[in-house]
Every structure is written in structure tokens, then in C-alpha cells.
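# this one's sequence-less:
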């Protein structure tokens, strides 16, 4: 059996949606962040898949993109954790159900 | 140049008023008076300089101003026989409004600034020959008017002011769409050019475009059932604003219908003529019926405006040379007469601080001059011959009768009703036994009150006995439009 | 007679003089209004002067027209134009207008003189004379107008003056109400006139009276148009001349000062309706239907008003109903081809009715009341008033040889020729007229004096100076006009009862339309005189001798008395039922509710609904992080699916 | 990519990665979830190897496992009172449904697409990547560095306690 | 070095940021200077931009990932101006709050750099990085305040933003997968060639891009964070968000969709998508704003509605053939006018709320008696937002609706004009409070010179461009013209 582009893409898509489900359902802000990381990983997988399989003048594009995504993910994670800590300091919780002072 | 100066004179005065230091704020009225008087003098000079034999627009000024995607919004001003009298009416009523505001002591600088900007806006509407420029001036009036009603008004002033703005905004929203569609079709906002174009392949059927524009104007006119803002705005506005509102702001609607709807889309106007006439006649009657039940003097005058403006629509809808001229004349006449009526009501209100008809009575004894003015204005309002309203109404009726006998018969029934409500009001307010709670109140006594009232009354009589003065100016402009309708 | 054969030519009087007739009272008016409001003496004299000039010029005009053998002169000028509409201002002088001019100015002048006495001391003295001048101006303009448009203008102005004068004592609620009623009711009639004006211009493009008359005669207009036009004109006339069913305003108009009632509500203004119909007489001739309407409305009015007059206790109201009745008579005549008779009666009636009204004013001047139950026996105190009043009443009753006899006789003759039923109505009215007039005389001037109405000294608006306990004859400025007026009341018939007058008046018509033929018939004359005498006798029997008491009569004819006393319930039907209930409380209220709840309901409702939606929708914004994200993702899914659905792959 | 080796590797990796990701979703303990997350990262790194991006696989391990996962652990430890359970909000059902919908859309599109594929791996190593990052994508590369700096600065400021700030203000 | 010269405007700003951090660390007693350093950097940036404009040497650089063209220059000026205003308006607040002044300005300037890159980027990778460069500092700034609401706003903004970024990235990845490149013109070429076979992928990518950028643009249904974050974040930051990131998002969306996805088979789809989103955004934003009681939250909803208005221009780009830059120029012009207007409104709110200590609209009652100038300024901005002359907002609405009509989107324009009626209602209700209400406190409100200056600049801009909009319109047209030249 030949493992083709579709297989990789399918894995990426499923991972992305799993990550989305995590991000949209977890009560703990850090859990949400984990979901986002999963999504980003799915994207890097997809990017590399394309880089490997599709016709391109510059196949390295995908690789460069992945580097950037990883970097951004790290930065985002750092800031997210800082904000989570900041909220925690004020509210003693990082439960998104309880972080709802701003509404309607 | 004259027109630019004329239009922006009040605005310049407004700026000066705003820049006055606080301790000189009592001079605001003098600046306002000077500015508006200068405008009045200039407009009268133009009125007599207007060449009756020339067709088309005069005092034209045009230059490109703003590029609105592909073509220019021009700064394009000019007057013809249709707009010239309205311009003079506006400058005249502005002076009158400033005069009767002389006793305003609350934030006079802001008050006069608003009033003056209002004047600029109305003058702009009457002189703009670029449709978008027209629209700009049309919208410009909103906020000053809002403030004038909301801040210096009485009663439910917030509600009324908001209602006024929202109604106008809604109407002009539709109008804007219509303007853009027309302009897209001809690649110009130039009213003169649009007025000579035939439209084909507009984005939506031309009759819909007509309707869009018409709604915008009908709100202002106002036409039943889009009229309910008017009584509220009138009853809660300060006197001078009521005068401006009844005197000139409503005329923007009638002017717009003639200048835009009828001139640009005569075919549609002709096809749907019967509807306009019908709505006009219904407005006349409906307004009159409701007027008969009013218990507040100002609301009464406001509803009577609805009735009278119905006659304007009737005249426009009939699409005859005479009827259109009559409609124009009615706008002028109503501006003066209802302006005077509101001035008198305002003077009375200043003294008695009530507008409830039930609480008033017998004022003829305590305030004979105000009472005389009220009676005069009342009779003007019911269309007494030798006063301006009669000429206007009968010209409309004569012009419209051939084509729409039924509508005119409905409308003349409204004339009887107008006698009913005017006389009923006079009987309750001016006549009847003396009420001693009003003892000791002063009559009309200040020079500014006298001059405003006398000026208005004189013009009402002048237009009533010498209609040729204006008819000779209006008629050629109307005939120009009728050429379009005919073809 | 050489006069008859003479050919009519255009009167040579200068146009300026004709305009001056209108202008001189107007100038007086303007001067009074602008400068002399506060100077009663000057105002009064100025008014007399202005009207005097007009009067003199009117006589000059009359003689000029007589010289021209009743010819027609028209001077017209363009006033303004609007498209096809051309409106002229012009004067037209002919026999009819000349006679009217003389009647109007003479009566007005006398009344002005009389008013100097009657109105002395009134707070609104200056205002009164201003209004009177304006009224005279308008009336003269109406008479002189050469076209319907101008005629309509002055027609309305006359209405205005009537309003102002009825409401002269505006502080009296009754006066203010009466003024309003008069204006509105006449305006309902004017609706017809306005419609007629619109119709005739639309169909013929002219307002000129001579052209309209011509069109009617030549049959250039369809008979429907002619009929509707005629009916419109008559509607206007009926309003002004208080014809059934618009007669309700005139009795109430008696709230005005009595000298006002004399010229306006007896002699001149109310006759304007008759004048109007006479002006357009060819049109009515051309339409039989319209003519029948005129005749029958006239007859009904005459009978109706006369019956009501029988039971009135107010001196002035008797005269008012009598006026309505007589106006009905004139209309009847016009409907019965009696053009000349109608104008003849108009003239004689103007004089004797003015005389009667001024007489009643004189009575009031000394008793402070019009209630006949509070008078009596005034004959000894006020001889001049009494005798002149007798003359007027006899003339009105149509007793040979006074003026009224001739004109009434002519009308009855025309009625007889047209339709016997009309004659019966006319004859009945003649009887009733004599009866109620002498009933009034007996109650007022004979018997014991009952003291009049005490003066209320707290009423600051009252201008009464005398002492009602001791009645006295009025001053000479008031009695002099009475005496002067009794001359035509006696002699106008002689003066006019000749073919001359008929020819002269008929000269105003485009052709000698309908010759009245012989205008005297012994049978008619004798029968009507007999009826009148019977009426006088009956009054004498009941009120002076009391052979039959009025109470017992009233008991016998109770239902009729009720009907008469309540004026056939017409005021009630109009005001209470129609205006107040059906119209104001019903229909108008409905409209107002519609405005307030339906239209404004939609307006405010849309605002409220927006707010409602807004406050409901804000719940979506839960503040919960992931609900936002869900919306986000849902958006993506919907977007993709929608694009695929809208534009399949 | 044919042959048994890659085939088996793919399926194993796919299983590991997706099961681990599922573990993040279902595990009730936050710390367990982090462990599953790390496992997913490793699985992805495996995929990178399979896609012949060895350098990136290494970077993935170092950055994600070494940095991000550790950051997450730190965060959990720094918020001791917030609880360690990894329960779901009431949005669970809609979240799962929407994710399934989105997955359906993705999968449909992936099936529908006609990718213009090559069979041979382009054989890219760290050298090519390094060159690309210093020529064509030097700008984003530099931006990334600025971004990291900014994030660092900001994160430090946000995470400082009030006490530290007070000390800082005195300085 | 030529390449560095090209990014000079961005470098100047970055350098200022670095300088600020240095000064803050080394000479803390000179902290008062920090905002002026920031302003100086922005001024240098603007001057540098002007130099480029004067040189008229527009070019692409860095292997086609960055384009210095009229379009980006327009936004350089816009962002420099916006940032300068925000800096000015922040001074009071930063001094009072006291948390890391140097860092605050540095982050603001970093954001500005990101925005500038965003408007100039022509490559998906660069776009993504620039987007993150502008976003991450904004997440931090939103959480900058010490109160709990601010942290909450920051966290919400970040987590949602991260999800949005992920979606956006997936879309970019798909785009890359279909075309094998990330450079926009090359993408366009490939799509023109054989893109139609992969329309499904492209549509999905497009949807994901719309979602990702829609988050920043704040259009329905990606808008829900907006009111919360605007309300919670420090007001100067809300102001920055409401104009800065929104404008940048529109800039980049216009560029991507216009340069890369302009193939007919796609543009038909996305113009419709934009039209529908526009209509829904306007309506939702306006209707929801009606009952708001907090002015910042109200402005948040209003900015959603305004985003719907901008989007009319995007929808109009696609449809019109012969004048297809009209919609784009309308968007640009509207953005500029909106920047003045909304900044003016926010600065007024800053000035007022600082003194009265409340963001509640009802507490604005009687403001006219306390500060006529502030009241008039805010009223002018509200008028401009409603689209009533003589303000820049009037021309903006005029221009964009004209573009809509010309694109045969009459229904959308009708929805738009009706929405401005609703917007009139709630803008007026603020005005009503200010002019009519009574407050016990009649003490005059004094504003600091910095806020006065920023308020003066913005309201003057609103007014002057309300009377003479031509310079702004020409600039917008010229900027949009690069799409036509292609």
C-alpha cells in the first residue's frame, strides 16, 4: 500500500480538529492552550506534507514556514502562561467558566 | 460668488458667535442678527437682480470638489425661479427667528450657532445643483436641529428630538441609495444634467428609484403616514425653531420632490401621479381631522401643517403647470403664515407658559396685539383671500381639478375643516371671557417682537394681493420642468 | 315711454370712480387700523366719510347707468397668471350692480351714523368702525367684481367681516361661538362655490361673468356641467343667504351689535347670495333642475323660518327668522324666473328690514334687553321708534301701498305662474309674516312696561349707560336714520314699480332673458293683502285683545310649538349629533387613535422591538471564552458549506 | 511513498499521535494530559522524519517537548489553587459536534482535491533551510526574533508579582 | 544597504522601542522622556516614508516578501499616526498605572512595526509573522492593566487569537499546498493557471483566511471577543485595537484577496461572502449596541458595525469590472476617516472617564456644563460615526456606498443605510446624555496637554477631512491603484 499525501493530510486534519475540540471544551485555560498547541502541530504536519509532496519551485518554503510556526507557538505559549498566571494572581483560578466578568 | 457668500454668511456668523468670549456672550444675538440680516439683504438684492427672461439657472458657481469614485461631486450652486423665492423665504425667516429668540439667555452662543448653521444648511439645500451636495446640506441640518430641540426645547424634548433625527435619517438613507443609483447610471451628480437625461438600465427599476427618493422627501414634507415626528418636534421645539421647521425645513421636502423626483424622472412621476395626488388629498383630510382634536396650540398648528403640506403634494402630483406653480406658492405661503402662527403662539407661550387650549382664553383683552396677530395668522392659515395662502391653495386646486376632480374635492373639504380648527382655536384661546390669572401679563412690546411679526404679516399680505411678483418668477421655472414632463 | 325704446349703451362713468367706490372705505379702514384705533371720535367720522364718499359715487354711478339705459361696462386688468391660468381684477357696472351699490352704501352710511349713538362708549369703538369699513369695502368689491375669482375673494372677505362683527363682543362666549358658527356654516356653502369656480374654469378656461353667461346661453357647455355649476353657485348663495339647510347660523349671529345685524345680517350681506344667483341667472335658466332646486329650497326656507318666527320671544330673533324667510322668498322668486321680482324685493327688503333692525336696536338701547317678555308699553316712551317700526312692519307684511306690497306681490305672481304649490307656500308665509310682526309689535310697544333688564355694573365690557327702569327715546343720531329709512320703506315700491325698473335690471343679463310679462294681477294682489290683514288681525286678537290666549293655542298645537321653538331640532342635530358626536368623538377620534396608536405605535414599536432584540441578543455574549470560539468555528463551517451550496463544485 | 517500512511507520505514528491527542482530550488529570501532549509532539516529530525533515524533527523535539511542554508544566505548578482536573465546560457537546463537522469539511476537501504531487522527496536538509531563512525569508526570520523578544519582555512584565513591581518602581 | 533602507520606517520604530527599553533600564529617572522618544521614532518613520515617497522608487524586496508601494506607504502613515495618537493618549494612564512604562511604549511601538509589516507583506509567511508581531504585544497590552478585567481581557483575547491563528495557518497551509508557493503574485499565477480544479480547497482556504483575519477585523461571527476586550483592556489599548489592528487586517485582506485570490471563479464566491458578512456585521453590531450602558462596550459593538461598513468595499472590489479599485480605495479611505473618528471618540472617552471615574454612559450626564470642548469633540466624532456632514465619516460612507452601488450591491447598500439609522439612535443617546442630563457635580473637567493634543489632532482631522476630503481620497485612490496596475 502506498502512503500518499492524503494520508498525511488526513492525520493532520484529524489532529487539527482534535486540538480544536480540546481548545473549545477544556475548562482549564492551560488545557485550552494545549489544544491550541495540538492545532499548531497539525498545521506544521500539514505544511511539511505539502512541502514533501507537492510540486513547487521552492520546496523549502514549507520548512521555513514550519520554523516560523514553531517559533510563534513558543512565543504564544509564553505569553499565554504569563497571562494565565496574571489572572490566577487576581482571581485564584484559571477556570474559563469563572473568568466571565466581561459579558453581555 | 454671491451664492457662496449667501449660503455661508450664516455659517461664518456661527463661527464668530462660537468664538465670542464668555463675558461677551450677550452679544451673540447681535452677531447673529447682523449675519442673518446681511444674508437677507443680499438675497433680496439677488431677488431683484434675477433675470426673469432668462431660462435656466442663474448666479451659477461650479467647480469640482470631491472625487467620489470615478466622477466628481461638484461644488455647484445656482438658483432658478423655483429656488430663488425659497432662498429669500429662508433668509427672511432666519432673521425673524433670530429676532424672536432675543430673550434666550441659556447658552446663547451655542443656540445662535445652531440656528445659523441650520440656516446655512437650508440655504445650501435650496441652491445646490449637485445631488450629492444637496444631500450633504440636507444632512448637515440634523445635528443642530437635534440640539436645538433637545436642549432648548420643552416637554418631551429628548424623545421629540430623537424622533426627528431618526425619521429624517431613515428618509435620507433611502434617498442616498436613490441618488447613488441615479448617479451611477449617468456618471454624474449634476442635477442639471440628470434633469436632461433619460435613464435606461438602472440597477433597479426607475420607479423604485423614484420611490426611494420620494420617501426621503416625503418624511420631510411630511406626508401621511410619515408625519408623526412633526407634531412632536413642533410642540417641543423652541419658538424660533418651530418657525424654521414649519417655515423652511418642510419646504425642503416639497422642493426636493419637484426638483429631483419630478424633474429627473418625469415619466415615473406621471405614471404614478394618481398615487401622489391621492396621498396628498388624504394628507390634507387626515391632517385636518386630527387637528380638530388637538388640545395643545402648538400641536394644533403642527397638524395643520400636515394638512397644508398635503396640498403641496396634491399640486405636485397633478403635474400641471398651474398646479406645480401653485404647490410652490403654497410652500412659500405656508412658510410665512405658519411661521407667523408659531411666532404668535411662541409670544403667547412666553407669557402664559402654557399651550393647553383649555387653560387659555380671553387673551384678546389682556394682549390685544398678540391676539390680533393670532387671528391674522389663523385666517391666513384657513386660506382667507387677500392673504398668501388663498392664492396658493386655489392655484393648486385649479391646476389639479382637471385631472383629479375627486382629489381636489377631498382637499377643499379639508379647507372647510381648516376653518373649523382655526376658529375653534381662536374661540378658545383668544376670545371668550377674560381669565384673571393672565392679568398683568405684558402684550407684545419689544421692538424685535414687533418687527418679526410685522415683517411676516406684511409679506403674507403682499403675497396675497400681489401674486404676480412671485408667479412671474416661479412660472418660467415650472414651465421648464413641464417641458420635461410633456415630452 | 321713450326710456323703453332707448338703446342700452355702455355707461360712461370713469373706471377710476368705480375703483374709488371700493377704495374709499378701504382707505378709511386702513387709516383707522393703523392710526386711529384709540381715537373713537376720529374713527367714527372717518368711517362715515369713507362710506359717504362711496355712497355719493354710487349714486353717481346709478344715474350714469340710468343714462346709459342700463347698459354694461366692464373694465378688466390682468392680476396674475400661472400657466394657462389667467386671473383678472376688474369692475363691471350694470343695472344690477348699480342698484346693489346704492343699496349697500345707503344702508351702510345710515348705519354708521346710527352707530355713532348706539356704540358710544364701547371699548372697541375704533375696532368696530374699522370692521364696518372693511365690510363695506368687501361688499362693494363683491358687487363690482367682473369675474368669479374676484367675486369669490370678496365673498370670503365679507365672511371674514361677518365673523369679526358677530364676534365683536368676543368676551361673550355666545358671541365667539356664534361668530365661529357663522363662518364655518357659510364656508360649507362656499365649498360649493369654490367647486363651481374650479369646474367652470376647468371646463371653459374663464372666470369672466359675461363669458360664463354667454356660454350658458349658447349651450356651449354640457348640461351636466351647467347644472353642477349652478348648484355649486347656489350652495354658496345658500350659505351666505342662510337658506335651508344652512340657515342655522343667522339667528345666532344676532349676538353681534345690532347695527351690525342691520346691514350685514338683514340688508346687504345675506342678500349677497341672492345677488350671486341673480348674477348667474342665465345659468339657472339654462338648467331647469338647478332652478327647481332654488325655488323649492327658497320655499322651504321661507316656510320654515316663518314658522319658527311665530314662537320667538327674542325681539331680534323674530327679525332674524323673518330675514331668513324673506331671503327664501327671494330665492323662490329666482327659481320661478322672477329675476326682477327678486331684486326688487331685495331692494325693498333691505330698506325696511334695516329700519326694523335699527328700531330694535333703539329699543334695546333704552331697555338693555331684546326679550319681549320684559318689555311692553314702549309706545309712549319711544314714539319715533314706534311709528317707524310700524311702517317697516307694514311694509314687510306687504300692506298696500308700502314698498313691500309691490315686491312681494310680484314674487307671488311669479310663483303662481311657475307652480301653484310654490304660491301656496308664499301665501302662507305672507300670512305668518304679518302675524309674527304684529305679535312682536304688540308685545313690545303696547301694554305695560315690564322693566327691561337691570344693568350689571360688574360687567366691565358692558357699554350700557341708560337706566332700563325709565326708558327714553334714543338720541337723534339713532332716530334720524330710522326716519330716513322709513322713506324708502314706504315709497320704494312706487319708485320701482314700473316696467322701467325691470328693463333696467334686466339690462344686466346678456339678453332680455325671460320677460316677466305683466307684473300685476288683481287676484294675487288682493289675496295676498287679505292674508296679510288676516295675520295682523289674528295677532291683534290673540295678543292685544287676548280673545284666544297664546297659551291655549300653544296647548292645542303643542307638537308644532315644540318643533318651532326648537328650530326643528336642526341645531341639535348638527351640533350635538353630527359635529360633536359622530364627527369629533367618532371619526376624528378614530383618526387620532390611528395616529397615536397605529402609526406612532409602529414607529415607537420598531424602536422598542430593536431594544428588545438587543437586550435578548446580548445574552449570547456570555463572557464564556469557548462560546465565542464556538461561534467562530461555526462561522467557518457555515461559510464553507454555504459557498459550496450556493455555488456547487 | 511506497514500501512496507514507511507504511508501517506511518500507521504506527498515526495511531500513536492521534491516540495521544485523544488522551489529551479524555484524561481527567491535567498532568496526564501534558504527558499525552508530549507524546503527540513526539509522534509529530516522527512524522517529520518520515517526511524527510530530520532537522525540523529535532527542532520539534527540542522546542515543543523541551520548551513548550515544560512551560505548560510550569504554568500548572504556578497555579496551585486552580485545580489539576482537566474537566470540560458545558460547551463540550457543541465543541465536539463542531469539530466533527469541521473535520468532515476538511476530509471532504482533502478527498476532493487534486494535488499535483511529486513522488520523490525533494531532499531538503538543514543547509537548504538555513539558506532559505537567510535569503528569501530573512525578513520573517528577523521579525520572529523581534517577536520573541517582545513576547519575553511582555511575559516577564505580566507575570511579575505586585511586590516585584513595587521594588522595581523604587529603583 | 538597500534592503534595510526599504524597511527603514519599521526599523525607525523598532529602534525607538529598543531605545526606550534601554533608557528605562539605564536612566530610570528620565522616564518622562519615554513617550517623546516613541513619538520621535514615529516621526522618523514618517519622515523616512516621506523620503521614499519623494524618491518615487517603489519596489519589492527580500525576495518578493515585502513590497514598498503606494499601498503600504498609505498604511505606514496611517499606522504611524494612529500609534502617535495612542502614545499621546496613553501618557496619563501609564503614569498613573505605573506598571513598566518602558515596556508599555516598547510594546506599542512593536505592535506598530507589526502593523506596518503587515501592510507591506506580500508573502504568507511574512504576513503570518507580521500578524503575530502585531498581535502578541496587543495580547500583552490588553492584559496590561492591574485590575482583574484587564487580565481577563488579555487572556480571552490571546486564547481566541491563538485559535484564530491556527485556523488562519491551516488556510495558509492549504493555499500553499495548492500552489506550492507563499508569494502572493505567484499564488495568483498558479490559481489563474489551474486553480479551478482545486476550487474546493481554495474555498476552504478562503473561508479559513476570512475567519483568521475576520477575528482581527471584528466581523460577525468572529467578533465576539470585541466588546469584552474593549471593555476590559485599558482604554488607550482599546483605541489602538479598534483602529490599528482592524485597519491592518483590512489592509492585508484586501491585499491577499486582491493580489492572490482575484481569479473570477473565486472572487464571485468571496464577494458574496463579504457582502453577507458585511450585512450581518452591521446589523448585529448596531442592534447589540443599542442597549449598551458602558461606553467602551458600546464603541466595541459600534466598531463591529463599522467593520461591516468597510466590508461593503471589499464586497464591491470583486464585482465591478472596469473600476475595480474603487472598492479598495473606498476601504482605504474609510479606514483613514474611521481612524481619525474612532480615535477621537476613544481619546474623548479617556479624557472624560479618567476624570469622572466611570465608563457608564449615564455618568456622562450633564457633561456639557462641565466641559463643552470635550463634549463637542465627542459629539463631532459620534456624528462622524453616524455619517452626518461636515465630518470625514460622511464622505467615507458616501464613498463606500457609492462603491457598493456601482458593484450592483443595492440591497447591501440599503441594509447599510438603514443600519446607519439604528446607529444614529445609540450615538445620539450618548449625545443626549451629555447635552441634556444633569449631574450634581458641575466642576469643570481639565485635560492634560497630551490628551488635548491628541484630541485636537483627531477632531481637527475629522472636521478638516469633512470639508476637504480630497487629499485623503486621492491618497486612497493612489494606494488602491496598485491593484489595477497589475
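In hand now; what should we look at? No experiment lies behind these values; they were computed from the predicted model shown.

# Once you drop chain neighbours, what's closest to the residue of chain D found nearest chain B?
Ranked by CB to the nearest CB, the top residue of chain D for proximity to chain B is residue D:139, at 34.3 Å. Backbone N, C-alpha and C define where each C-beta goes, glycine included. In space, and not counting its chain neighbours, residue D:139 is closest to residue E:62: 4.5 Å by CB to CB, 6 or more residues apart in numbering or on different chains.

# Show the pLDDT at the one you found.
Looking at residue E:62, its pLDDT reads 86.

# Next: the one 10 residues further on.
Here, the pLDDT recorded for residue E:72 equals 92.

# Tell me how many other residues surround it.
Residues within reach of residue E:72, counting by other CB atoms under 10 Å in any protein chain shown, total 26.

# Distance from the host helix or strand of it to the middle of the chain?
For residue E:72, the element it lies in under DSSP states H and E is helix E:70-97. Relative to the centre of its chain, helix E:70-97 is centred 11 Å away, using CA atoms, centre = their mean, to the nearest Å.

# helices and strands around that helix, which ones?
Applying 3 or more CB pairs under 8 Å, 6 or more residues apart in numbering or on different chains; DSSP states H and E, one finds that helix E:70-97 contacts helix E:8-26, helix E:34-55, helix E:101-120, helix E:235-240, helix E:246-255, helix E:326-356, helix E:449-467, helix E:470-485.

# Which one, of those helices, ends up nearest to chain B?
Among the helices and strands packed on helix E:70-97, helix E:326-356 sits nearest to chain B (CB to the nearest CB), with 4.5 Å.

# For that closest one, enumerate the helices and strands it packs against.
helix E:70-97, helix E:235-240, helix E:246-255, helix E:295-319, helix E:372-386, helix E:392-406, helix E:449-467, helix E:470-485.

# Strands of the stretch 101-250 of chain C, start to end?
In the stretch 101-250 of chain C, no strands are found when defined by DSSP state E, counting those that start in this stretch.

# circling back: which residues are in contact with the residue nearest to residue D:139?
Residue E:62 makes contacts with D:136, D:138, D:139, E:3, E:6, E:126, as judged by CB atoms under 8 Å, 6 or more residues apart in numbering or on different chains.

# Nearest residue to the fifth one in space, please, no chain neighbours.
Think residue E:6. Leaving aside its sequence neighbours, residue E:6 sits nearest to residue E:61 (CB to CB, 6+ apart; 4.6 Å).

# roughly how far apart are the one you found and chain C?
Distance of residue E:61 to chain C, computed by CB to the nearest CB, to the nearest Å: 34 Å.

# number of nearby residues for residue D:114?
For residue D:114, using other CB under 10 Å, the count is 11.

# That should have said residue C:296, apologies.
Close neighbours of residue C:296, defined as other CB under 10 Å, add up to 18.

# right, and it touches residue C:331 too?
No. Using CB atoms under 8 Å, residue C:296 makes no contact with residue C:331, being 9.2 Å away.

# Let me see the ranges of the helices in the stretch 451-600 of chain C.
Counting by DSSP state H, counting those that start in this stretch, the stretch 451-600 of chain C has helices at residues C:476-496, C:499-506, C:522-539, C:550-556, C:558-565, C:570-571, C:589-593, C:600-617.

# and chain E, which of the ones you listed is closest to it?
Judged by CB to the nearest CB, the one of the helices of the stretch 451-600 of chain C that comes nearest to chain E is helix C:600-617, at 4.1 Å.

# From the chain's centroid, how far away is that closest one?
Here helix C:600-617 shows a centroid-to-chain-centroid distance of 55 Å under the convention CA atoms, centre = their mean.

# by how many degrees do that helix and helix E:295-319 diverge?
Interaxial angle, helix C:600-617 versus helix E:295-319 (axes from the mean of the first three to the mean of the last three CA atoms, to 10 degrees): 100 degrees.

# who's in contact with stretch B:358-372?
Taking CB under 8 Å, 6+ apart as the rule, stretch B:358-372 contacts B:295, B:297, B:344, B:347-348, B:351-352, B:354, B:374, B:428-435, B:438-439, B:441-444, B:453, C:170-171.

# swap the cut-off to 7 Å and go again
Contact with stretch B:358-372 is made by B:295, B:344, B:347-348, B:352, B:354, B:428-435, B:438-439, B:441, B:443-444, C:170-171, as judged by CB atoms under 7 Å, 6 or more residues apart in numbering or on different chains.

# The residue nearest to residue E:6: neighbouring residues, count only.
Neighbour count for residue E:61, taken as other CB under 10 Å: 18.

# coming back round to it: in helices, which of the contacts of stretch B:358-372 appear?
Mapping these onto helices (DSSP state H) picks out B:344, B:347, B:348, B:352, B:428, B:429.

# Now rank those by neighbours and give me the top one.
For those, the largest neighbour count, defined by other CB under 10 Å, is 32 neighbours, found at residue B:344.

# Apart from its neighbours in sequence, what residue is nearest whichever residue of chain D sits closest to chain E?
In chain D, no residue comes nearer to chain E than residue D:154, which is 3.3 Å away by CB to the nearest CB. Nearest in space to residue D:154, with sequence neighbours left out and distances taken as CB to CB, 6+ apart, is residue E:140 at 3.3 Å.

# Quickly find the element holding that neighbour.
With DSSP H and E as criterion, residue E:140 is part of helix E:124-142.

# Tell me the gap between that helix and the middle of its chain.
Computed by CA atoms, centre = their mean, the separation of helix E:124-142 from the middle of its chain amounts to 14 Å.

# And the next helix or strand past it?
Using DSSP H and E, the helix or strand that follows helix E:124-142 towards the C-terminus is helix E:148-179.

# helices or strands up against that following helix?
Using 3 or more CB pairs under 7 Å, 6 or more residues apart in numbering or on different chains; DSSP states H and E, the elements in contact with helix E:148-179 are helix A:29-53, helix A:60-91, helix C:625-646, helix E:124-142, helix E:184-194, helix E:199-217, helix E:225-232.

# switch the cut-off to 8 Å
So helix E:148-179, by 3+ CB pairs under 8 Å, 6+ apart, packs with helix A:5-25, helix A:29-53, helix A:60-91, helix C:625-646, helix E:124-142, helix E:184-194, helix E:199-217, helix E:225-232.

# Assess the claim that residue E:260 and residue E:190 are in contact.
No. Here residue E:260 does not reach residue E:190: they are 9.5 Å apart, not a contact under CB under 8 Å.

# These two: who's more crowded?
Between residue E:260 and residue E:190, residue E:260 has the larger neighbour count (other CB under 10 Å), namely 26 against 20.

# pLDDT value on the more buried one, please?
pLDDT, residue E:260: 88.

# Identify the residues contacting it.
With contact set as CB under 8 Å, 6+ apart, residue E:260 has these partners: E:175, E:184, E:185, E:187, E:188, E:191.

# can you pull the buried residues of stretch E:283-294?
Under the neighbour-count criterion of 16 or more other CB atoms under 10 Å in any protein chain shown, stretch E:283-294 has E:283, E:284, E:285, E:286, E:287, E:288, E:289, E:290, E:291, E:292, E:294 buried.

# Nice, that's everything, thank you.
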